[in-house]
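J.: sequence below, structure please.
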Amino acid sequence: MLATAIKLIVERSDGNFTLSEIARSLGVTHAALYRHFKNRQAVLAAIAEAGTLHHHQNEVSLCSALL
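T.: Numbers count the residues shown, from 1 in each chain. A predicted model of the protein is given here:
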């Protein structure tokens, strides 16, 4: 789901997307997304959190490699 949202953000110059567009891209109902995300802002927060986690994991890997 997050990858689809990221794709929609990247494809648009304004970064605008709706949960309906994500659902349509995934081939699921709009209601199905609401089981995972309260709203568009929750999707953006999840993307930011995933990016932060990924960045932190890369830093840990780099530090481990240097030790």
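
J.: just for this structure, where's the confidence low?
T.: 52-67 (pLDDT under 70).

J.: helices of this structure, start to end?
T.: Taking DSSP state H as the criterion, the chain carries its helices at 2-11, 19-26, 30-34, 40-66.

J.: what would these look like in JSON lines with mean neighbour count?
T.: (Each C-beta comes from the backbone N, C-alpha and C, glycine too.) Converted to JSON lines, those look like this (neighbours: other CB atoms under 10 Å):
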{"stretch": "helix 2-11", "mean neighbour count": "14"}
{"stretch": "helix 19-26", "mean neighbour count": "16"}
{"stretch": "helix 30-34", "mean neighbour count": "14"}
{"stretch": "helix 40-66", "mean neighbour count": "11"}
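
J.: next, count neighbours for residue 17.
T.: 20 (other CB atoms under 10 Å).

J.: contacts only, for it.
T.: For residue 17, the contact set (CB atoms under 8 Å, 6 or more residues apart in numbering) comprises 5, 8-9, 40.

J.: which one of these is nearest to residue 18?
T.: Closest to residue 18 out of those is residue 40 (6.8 Å), distances taken as CB to CB.

J.: so what's the residue nearest to that closest one when sequence neighbours are not counted up against?
T.: Leaving aside its chain neighbours, residue 40 sits nearest to residue 19 (6.2 Å; criterion: CB to CB, 6 or more residues apart in numbering). By CB under 8 Å, 6+ apart, residue 19 lies in contact with 30, 33-34, 37, 39-40, 43.
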